[in-house]
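1. sequence? don't have it. structure:
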């Protein structure tokens, strides 16, 4: 234990999570809450986000800022989506690719100003991403800064998130569309970045506040207090994972990695092949239309839960793929999974098996995302 | 006391209640608390043999998969089928939500297991709370 504790990282809210009785786990080198038994645990947290509001400490996420005259050129070079389409205050899902078309990481690119971009990256790939971005943008006239330790990032997620956050800010949130950002005073803190983004397949916001412990704890507690009327609950990484799985949002190291390319991951709509010269484009041009595996959604037809790494078999029991993420889905009340399988076995309705403790358990390819939030009328 | 005195306990967090040559087996409150929301239980069929210290089934929470270890050797005489559709009853009351009943091969085997007091001490050390 002491050896682990010496290297494990903590967010500014670590003490708050512990005081609240959260169950803590190590995640990508971070000591993070997995669930809050006081909030009812993973299932209750998950369903609070689907039907009400929940808040997450996501300060372990990293942040890279690129700014300067050629910031857009730099972002365009290192990311697969088209950042030239971003208006000021707009954000987009994108990814950083290796020259062979596999993933360095997936990112959200925010355009904060004329020549000012913020990339929000994953916890487990912070250093790798920053080094990669720095090394691949040297030719451009722009500054690359690692702001990962500057922010405590709190995600306020769920259909009632907007009402909750509106109580605490002067920014007009009704004017902020999904995947747009604004700035405003939040809990008395001026000029706070407020993004209508998240990783829950639900409406919600992520706020970026100063990362000192006192401020972080004060804002966390004020959000919880302000959310009482909406029955807000604190949420951990357990429900974050089941929420993103229902929405088929990829997780680095699972659905995407340095061994999986964009076509296989099915992220076609976020790659802009007409954009010239970005890293990974050439290899993907060649690989187009010739994938050997593709990501599908599975629903278990017999009793059993598919888990990460379990083997997938065809109906005859021959091994044909593997599960990248699998769980009981608390809102859908089904056992679901994402898996890589050959394209010829990827049609909806295809019957497959997942090997669970030596037994082939029946599953079926189903449409994804498993869950889609209801559109407002 | 949090743990029924008439039960015996394993260090793998199963409880066993012995009545003559028969016994009832489940997992402890501590186990369900560590696991979190239980969503799946896989148990042996009636008539199958289980062996002390060996796995006899699986319990899964949203987050974790955990083996069940037999506290004693015997033949399964009954399985709590209700757990297939309501595994969350283990979270609600782990000490009454039994999993299987067995005919013990050797009832004296159970005497080497932990008493309620010893088990409580054991989990206090293991869990740090």
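-> Looks like it came in fine. Remember, it's a predicted structure, so these values are computed and weren't measured experimentally. Numbering: from 1, shown residues only, chains lettered A, B, ... in the order given.
2. distance of residue A:244 relative to residue A:330?
-> For residue A:244, the distance to residue A:330 equals 12 Å [C-beta to C-beta, to the nearest Å]. All C-beta atoms are positioned from the backbone trio N, CA, C, and that covers glycine.
3. which one's more surrounded, these two?
-> residue A:330 (24 against 19; other C-beta atoms under 10 Å in any protein chain shown).
4. ok, that one touching residue A:42?
-> Yes - here residue A:330 reaches residue A:42: they are 6.9 Å apart, a contact under C-beta atoms under 8 Å.
5. tell me, what's touching these two both at once?
-> A:239, A:242, B:37, B:62 (C-beta atoms under 8 Å, 6 or more residues apart in numbering or on different chains).
6. most neighbours among those, which one?
-> Counting by other C-beta under 10 Å, top hit in those: residue A:239 with 31 neighbours.
7. could you count how many residues lie near residue B:6?
-> Residue B:6: 9 neighbours (other C-beta under 10 Å).
8. show me what residue A:233 is bridged to.
-> For residue A:233, the beta-bridge partners are residue A:54 (DSSP bridges).
9. that one and residue A:156, how far apart?
-> The value you get for residue A:233 to residue A:156, if C-beta to C-beta is used, is 11 Å.
10. overlap in contacts, these two.
-> With C-beta under 8 Å, 6+ apart, residue A:233 and residue A:156 have common neighbours A:53, A:55.
11. quick one, helices of chain B?
-> B:29-35, B:82-85, B:89-92, B:116-127 (DSSP state H).
12. pretty sure residue A:165 belongs to a strand, no?
-> No - counting by DSSP: H, G, I helix; E, B strand; the rest coil, residue A:165 is not part of a strand but helix.
13. that one contacts residue A:203, correct?
-> No - Residue A:165 lies out of contact with residue A:203 (C-beta under 8 Å); the separation is 10.9 Å.
14. of those two, which one has the most company?
-> The neighbour count for residue A:165 versus residue A:203, taken as other C-beta under 10 Å, is higher for residue A:165 (26 against 19).
15. quick one: the more buried one from residue A:222, how far?
-> On the measure of C-beta to C-beta, residue A:165 and residue A:222 end up 11 Å apart.
16. quick one, what contacts the closest residue to residue A:49 other than its chain neighbours?
-> In this structure, residue A:49 finds its nearest non-sequential neighbour in residue A:158, 4.4 Å apart by C-beta to C-beta, 6 or more residues apart in numbering or on different chains. Contact analysis of residue A:158 by C-beta under 8 Å, 6+ apart lists A:48, A:49, A:50, A:51, A:52, A:53, A:54, A:200, A:202, A:203, A:204.
17. same thing but 6 Å
-> By C-beta atoms under 6 Å, 6 or more residues apart in numbering or on different chains, the contact set of residue A:158 is A:49, A:52, A:53, A:54, A:202.
18. quick check: which ranges of chain B have low pLDDT?
-> Low-confidence segments of chain B (pLDDT under 70): B:1, B:127-129.
19. mind checking pLDDT for residue A:6?
-> Looking at residue A:6, its pLDDT stands at 58.
20. so what's the closest residue to chain A within chain B up against?
-> Closest residue of chain B to chain A, C-beta to the nearest C-beta: residue B:39 (4.1 Å). Residues in contact with residue B:39, defined by C-beta under 6 Å, 6+ apart, are A:328, B:62, B:87.
21. which SSE is the first one in?
-> Secondary structure here is read from DSSP states H and E; on that basis residue A:328 sits in strand A:319-329.
22. now the angle between strand A:319-329 and the helix or strand that that strand is followed by, please.
-> Downstream of strand A:319-329, the next assigned helix or strand under DSSP H and E is strand A:334-341. Counting by axes from the mean of the first three to the mean of the last three C-alpha atoms, to 10 degrees, strand A:334-341 lies at 150 degrees to strand A:319-329.
23. next, the buried residues of strand A:334-341.
-> Buried positions in strand A:334-341, judged by neighbour count with 16 or more other C-beta atoms under 10 Å in any protein chain shown: A:335, A:336, A:337, A:338, A:339, A:340, A:341.
24. may I have the beta-bridge partners of the fourth one?
-> With DSSP bridges as the criterion, residue A:338 is bridged to residue A:297, residue A:325.
25. my guess is it contacts residue A:324. True?
-> Yes - in this structure residue A:338 lies within contact range of residue A:324 using C-beta atoms under 6 Å: 4.9 Å.
26. and for those two, which residues touch both?
-> Common neighbours of residue A:338 and residue A:324 (C-beta under 6 Å, 6+ apart) are residue A:255.
27. tell me the residues of the stretch 251-377 of chain A that contact chain B?
-> Selection of the stretch 251-377 of chain A residues close to chain B by C-beta under 6 Å from any C-beta of the partner chain yields A:305, A:328.
28. for chain B, what's its nearest residue on the stretch 251-377 of chain A.
-> residue A:328 (4.1 Å).
29. and the biggest helix by length in chain A, what does it pack onto?
-> The helix that spans the most residues within chain A, counting by DSSP H, is helix A:213-226. Taking 3 or more C-beta pairs under 6 Å, 6 or more residues apart in numbering or on different chains; DSSP states H and E as contact, the helices and strands that helix A:213-226 lies on are helix A:161-168.
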